[in-house]
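Q: I'll drop the sequence and a predicted model, then ask my questions.
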Amino acid sequence: MKTARRKRQVPSAKVADTPLTTFSSDLLTPEEERELLTSFWDCKSELVRVLVRHFPDLRANKPPLEPWPMAQFIRDNCAEEAREVLAVRRLHDRYVHFKHRLASANIRLAAHVAKRFRHHSLSYSDLLQEAVCGLMQAIDRFDVSHGTRLATYATWWIRQTLQIAVARQSHLVSLSPHHLQELGLLQQESEALAHGGKHLPSPQELAHRTGSSLEHLNHLQTATRTPVSLNAVLDDDSDFKLTEAMPDTQTLTMQENNERQEALRFLMDNLRPREKKVLDLRFGLTGSGTHSLRQIGHLLRISKERVRQIQNRALEKLRANAERVGWEPTLLLE
């Protein structure tokens, strides 16, 4: 009989060690939610005590009896090494189970709040993911001694998380939640003025209604301007893209340089060979690099002062020739 009892006890021990993974999205009644939150708090408190008891090094970092510090303590110290202790693993599995059960019961709330932010550029899947993160944070921060429902407390954290995500990801420039609220107020005032006066409000009117300066309003509108792809089609009836309508500044620069070089070669044809040589060495016209007056004089076996005289006379001839044909002389040697 003793052997039979021992054989019957083995399966029950295995079941107790198995993590609880059954989750349901059914709504909780106030009594069920209160009971589940109480069990979650008791499990959290017991898990902190067990961690400190089995790992004396954690006593110096023992958190106060507050929901958020205790949740951070559990997250930072329930690693694989701690889960090797049977008591820690059992309590942590129950802790995760209670937390996920509370989250699954309020997943509809997260989806409902996320739908209010669908007018932003983030996809609904990203919004729902951020809303669930806010819900999980609210569960970690919720104090069971408060008389409010978890849904009431979690709504603020979900909305706050979504506002931060939208401010950081929906625009090319990262905005703060305060700027996002200003954008919402700006849009409301713009719609109110457009509906009441049947005309689009001017920036001065919006600045007066919102109490912001015109410069701040322009900066905010510029930062939140919707980006346009260079491959976007200008007209739905044609394949004409935006890149085809933009000027090619690189090509224009190269064309201007080529025209300047041609004009310079044309004007230098009227110079003497020594004058051409001096200008070429002095300004690097043929790509040989620039030289000082002393270096040019050493190459041509003349004095430094003589090189300066030849250079000045050549430049005067170039300016006179440029004025005669109607060109700007200051553009020739830039």
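A: Noted; the coordinates are in hand.
Q: Buried residues in the longest helix belonging to the chain, which are they?
A: Counting residues, the longest helix found in the chain (DSSP state H) is helix 30-54. Neighbour-count burial for helix 30-54 flags 33, 36-37, 39-41, 43-44, 47-48, 50-52 (criterion: 16 or more other CB atoms under 10 Å). In short, each C-beta sits where N, CA and C put it, glycine included.
Q: What of stretch 137-145?
A: 137, 138, 139, 140, 142.
Q: would JSON lines of the residues you listed with pLDDT and distance to residue 70 be doable?
A: Output for the buried residues of stretch 137-145, formatted as JSON lines (pLDDT from 0 to 100; distance: CB to CB, whole Å):
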{"residue": "137", "pLDDT": "94", "distance to residue 70": "14"}
{"residue": "138", "pLDDT": "95", "distance to residue 70": "15"}
{"residue": "139", "pLDDT": "95", "distance to residue 70": "12"}
{"residue": "140", "pLDDT": "94", "distance to residue 70": "8"}
{"residue": "142", "pLDDT": "94", "distance to residue 70": "12"}
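Q: Residue 53 is in contact with residue 85, correct?
A: No: counting by CB atoms under 8 Å, residue 85 sits too far from residue 53 to count as a contact (9.8 Å).
Q: I'd like the distance between residue 96 and residue 47.
A: 10 Å (CB to CB, to the nearest Å).
Q: shaky segments in the protein?
A: 1-24, 170-174, 177, 195-199, 226-228, 234-236, 242-252, 286-287, 325-334 (pLDDT under 70).
Q: Domain ranges for it, per the record?
A: Following automatic domain parsing, one finds the domains of the chain at 18-169, 177-222, 249-331.
Q: Reformat those domains into JSON lines and put distance to residue 240 next to each item.
A: Conversion of the domains of the chain to JSON lines gives the following (distance: least, CB to CB, whole Å):
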{"stretch": "domain 18-169", "distance to residue 240": "26"}
{"stretch": "domain 177-222", "distance to residue 240": "27"}
{"stretch": "domain 249-331", "distance to residue 240": "19"}
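Q: so which of those gets nearest residue 229?
A: Among these, domain 18-169 comes nearest to residue 229, with 13.5 Å by CB to CB.
Q: Can you point out the buried residues in stretch 127-136?
A: Here stretch 127-136 shows 127, 128, 130, 131, 132, 133, 134, 135, 136 as buried, counting by 16+ other CB under 10 Å.
Q: And the residues you listed, which is closest to residue 28?
A: After measuring those against residue 28 - CB to CB - the closest member comes out as residue 135, at 13.9 Å.
Q: That closest one and residue 154 touch, don't they?
A: Yes: assessed by CB under 8 Å, residue 135 is found in contact with residue 154 at 5.4 Å.
Q: Which neighbours do those two have in common?
A: Contact criterion CB atoms under 8 Å, 6 or more residues apart in numbering; residues shared by residue 135 and residue 154: 106, 109, 110.
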